[in-house]
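Visitor: Pasting a predicted model and its sequence here:
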Amino acid sequence: MLSVDDVSLSFGGFQALRAVSLVAMPASITGIIGPNGSGKSTLLNVVAGVYVPDSGAVTLNGRPLAYGRPEQVAAAGIGRTFQVPRLAHRLTVFQNMMAGERDQAGEGVFNLFLRPAAVSSREAEIAGRAEAMLKRLGLAHKANDYAGSLSGGQQKLLTMGMLLMSDPAVLLLDEPAAGVNPVLIEQQAALLHELKAEGRIVMLIEHNMEMIANVCDRVFVLDAGELIAAGTPAEIRADERVVRSYLGMPA
Amino acid sequence: MLDFAIYCLTIIAVWSVLGLSLNIQFGLTGLVNFGQVLPFGLGAYAAALAAQAGLPWPAGAALGLVVAVAVSLLVLLPARRLSQDYWALITLGAGELFRLTALNAPSLGGADGLTVPRFADPHLALGAALALMAVAWLMSHRIAHSPFGRLLKVLREDEVLAATLGRNPVAYQRTVSIIAWAMAAAGGVLYAHIVGYVSPSSFTVTETFIVWTALILGGPGNNLGVVVGAAAVQLLSVSSRFVASWIDLPADVLANGRLALFGLVLVLMFLFRPQGLVPEKKEVRDAQRR
Ligand SMILES: Nc1ncnc2c1ncn2[C@@H]1O[C@H](COP(=O)(O)OP(=O)(O)OP(=O)(O)O)[C@@H](O)[C@H]1O
Ligand SMILES: [Mg+2]
């Protein structure tokens, strides 16, 4: 269980998060919605160890996470994507995928020079997985293209693939469907359901309410850094405050 | 004339080692080291000091490597988690600090420097330089085309991404610095035994600038490019000396003119061919599988 307890964070004088508390359970998809600038990405960055909260705590299965140390949070099995995809642009799609795996014999210098056989067998294993994952994401034909040459939607898919290479227990996804075509959004939704079935914790930030309604078990709503509602997608749709501040009147 | 050609080749090999070292740092990892002359100078002075103490050359070589690695860690300590601009300034400052220390410390010979036993046979010097270059090349090649090198390139492209993927950028930068500085120090040890003396004037910012010119000209991220760049820069440097003696140019004008020429080369490369003469190759999947 991933739990955010009473987290507050301000940038200078600006209060971006106000005592936010929420939990995300294994084998479930937790949505986070809210207007632009309401603090969704900021919250995700706190969980991912980018920002240090002014107060409050984030724990995974009761163990506190390292604030301000994204590499340690990632090593604890928490993977994330960014709202604006981050990729190594001058590496190929395939190399980006390969770099997604954390456990690499060939990243140790001693192994590199003294145990080349171990390095190449591990490399072959990872390559096999990367290949399968690219097929699953429909990016196999782009394997040898520079990541920087992909379209925006393809870049989103690739970041998702890199994330999955490390087999994370927790996935923090910042608007994976933004700029992705409808068919691919459906594929993504199916993928999220699979990840859920595998028992992972999935936290999903989205403005695409259809996707939220389709995949989320529970939704939390942020407004101006404050949690204003929580519940199933249906409950959220019916919440008057949420309708007023975010969803607007149904047509 | 043959002797001169042998000397040129020897020097090109030494500067290639320096360039390969810078390439691991900048070409692969994106570390902007404006004090590349520092490990080179440390190696050279270690060789000289060991020789002064009557120790055999391997002692000087070992001392040079150990000191360069130690200093790299020291210099990197404040550079931890600092942005690239600070990195450049810190390394630049450390290099100058070393030169000024050598200039003012009597035990280091001051402005006159120290003498070092020279290679008895220029062919031997060339052989040693080529051997060192081969080792540096093979190491660079192994690193560049490995999972380690791949992660270094991710780091070069986006440090935040590397951290997000669960790798500690500082740890990788440290490893890179240790390897690269040891490599440059080995070049310095050799250089001292080739020219037969060390003095502060051989380890100025200009030397760093020349290595950078070679790297940018040849192609950051490509070993062959580095060697091509080092050769081009050294040959340019040598031929400018011939031209100068022809038209009777004073030495200081020549030195400044050469720097201006290198500056021009840099500007032209940045404008028209930022990837260098021999650009970094795309790592294609099937080649990887072999
Ligand atoms: N590093 C920062 N420094 C200063 N202010 C910041 C920083 N990061 C975010 N903010 C501010 O915090 C507020 C919340 O930003 P955040 O990115 O979390 O919004 P969001 O809910 O993800 O919005 P969107 O739906 O547009 O992505 C914004 O007003 C933003 O300007
Ligand atoms: Mg956002």
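Guide: Alright, I've got the coordinates. Residues are numbered from 1 along each chain as shown, chains lettered A, B, ... in the order given. Ligands and ions are numbered 1, 2, ... in the order given.
Visitor: ok, which stretches of the stretch 151-290 of chain B are helices?
Guide: Assignment of helices within the stretch 151-290 of chain B using DSSP state H, counting those that start in this stretch yields the ranges B:159-164, B:169-195, B:205-218, B:223-246, B:251-272, B:285-289.
Visitor: and those helices, which one's lowest on average pLDDT?
Guide: In terms of mean pLDDT, the lowest-scoring of the helices of the stretch 151-290 of chain B is helix B:285-289 (a mean of 57).
Visitor: before we move on, the earlier item: of all the helices of the stretch 151-290 of chain B, which lies closest to ligand 1?
Guide: Nearest of the helices of the stretch 151-290 of chain B to ligand 1, taken as CB to the nearest ligand atom: helix B:159-164 at 12.5 Å. (Glycine included, C-beta is placed from N, CA and C.)
Visitor: right, is the closest one up against ligand 1?
Guide: No: remark: helix B:159-164 sits outside contact range of ligand 1, by CB under 6 Å from any ligand atom, the gap being at least 12.5 Å.
Visitor: so what secondary structure elements neighbour that helix?
Guide: Using 3 or more CB pairs under 8 Å, 6 or more residues apart in numbering or on different chains; DSSP states H and E as the contact criterion, the elements in contact with helix B:159-164 are helix A:70-75, helix B:147-157, helix B:169-195.
Visitor: Any stretches of chain A with poor pLDDT?
Guide: For chain A, the stretches with pLDDT under 70 are A:249-251.
Visitor: what does it have sitting close to ligand 1?
Guide: Close to ligand 1, as judged by CB under 6 Å from any ligand atom, chain A has residues A:11, A:14, A:16, A:34, A:36-42, A:83.
Visitor: pLDDT (mean, whole number) over whatever helix or strand B:Leu73 lives in?
Guide: Taking DSSP states H and E as the criterion, the element that holds B:Leu73 is helix B:57-79. Averaged across helix B:57-79, the pLDDT comes to 90.
Visitor: next one: stretch B:97-104
Guide: In this model, stretch B:97-104 has a mean pLDDT of 93.
Visitor: May I see the buried residues of it?
Guide: When neighbours are counted by 16 or more other CB atoms under 10 Å in any protein chain shown, the buried residues of stretch B:97-104 are found to be B:98-99, B:102-103.
Visitor: quick one: it to chain centroid distance?
Guide: Averaging C-alpha positions (CA atoms, centre = their mean, to the nearest Å) puts stretch B:97-104 19 Å from its chain's average.
Visitor: Now tabulate the helices and strands packed on helix B:159-164 in CSV and tack on mean neighbour count.
Guide: Compiled in CSV, the helices and strands packed on helix B:159-164 are given as follows (neighbours: other CB atoms under 10 Å in any protein chain shown):
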stretch, mean neighbour count
helix A:70-75, 22
helix B:147-157, 24
helix B:169-195, 24
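Visitor: Out of those, which is closest to B:Ser21?
Guide: helix B:169-195 (4.2 Å; CB to CB).
Visitor: Let me know the angle separating the helix or strand just after the helix holding B:Leu73 from helix B:57-79.
Guide: Beyond helix B:57-79 in the direction of the C-terminus, DSSP H and E gives the next helix or strand as helix B:84-104. Compare the direction of helix B:84-104 with that of helix B:57-79 by axes from the mean of the first three to the mean of the last three CA atoms, to 10 degrees and you get 140 degrees.
Visitor: contacting residues for whatever residue of the stretch 151-251 of chain A ends up closest to chain B?
Guide: Among the residues of the stretch 151-251 of chain A, A:Ser166 lies nearest to chain B; the distance is 6.5 Å by CB to the nearest CB. Shown here is A:Ser166, whose contacts under the criterion CB atoms under 8 Å, 6 or more residues apart in numbering or on different chains are A:74, A:79, A:100-102, B:165-166.
Visitor: so can I have TSV of these showing distance to B:Ala13?
Guide: TSV is the format used below for these (distance: CB to CB, whole Å):
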residue	distance to B:Ala13
A:Ala74	42
A:Gly79	46
A:Gly100	39
A:Glu101	38
A:Arg102	39
B:Leu165	37
B:Gly166	39
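Visitor: all strands for the stretch 51-200 of chain A, in order.
Guide: Using DSSP state E, counting those that start in this stretch, the strands of the stretch 51-200 of chain A run over A:55-60, A:63-64, A:78-80, A:170-174.
Visitor: Mind putting these into TSV with mean neighbour count?
Guide: Listed next are the strands of the stretch 51-200 of chain A as TSV, based on neighbours: other CB under 10 Å:
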stretch	mean neighbour count
strand A:55-60	16
strand A:63-64	8
strand A:78-80	26
strand A:170-174	24
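Visitor: With distance to B:Gly196 added, can I get those strands in JSON lines?
Guide: Conversion of the strands of the stretch 51-200 of chain A to JSON lines gives the following (distance: least, CB to CB, whole Å):
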{"stretch": "strand A:55-60", "distance to B:Gly196": "63"}
{"stretch": "strand A:63-64", "distance to B:Gly196": "61"}
{"stretch": "strand A:78-80", "distance to B:Gly196": "57"}
{"stretch": "strand A:170-174", "distance to B:Gly196": "61"}
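Visitor: which of the residues of chain A next to ligand 1 lies closest to ligand 2?
Guide: Ranked by distance to ligand 2 (CB to the ion), these are led by A:Ser41 at 3.1 Å.
Visitor: Tell me who's in contact with the closest one.
Guide: Neighbouring residues of A:Ser41 by CB under 8 Å, 6+ apart: A:83, A:174, A:205.
Visitor: Surely it is in a strand?
Guide: No: counting by DSSP: H, G, I helix; E, B strand; the rest coil, A:Ser41 is located in no strand; its state is helix.
Visitor: Turn the buried residues of stretch B:97-104 into TSV, columns for distance to A:Val242.
Guide: Output for the buried residues of stretch B:97-104, formatted as TSV (distance: CB to CB, whole Å):
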residue	distance to A:Val242
B:Phe98	63
B:Arg99	66
B:Ala102	70
B:Leu103	71
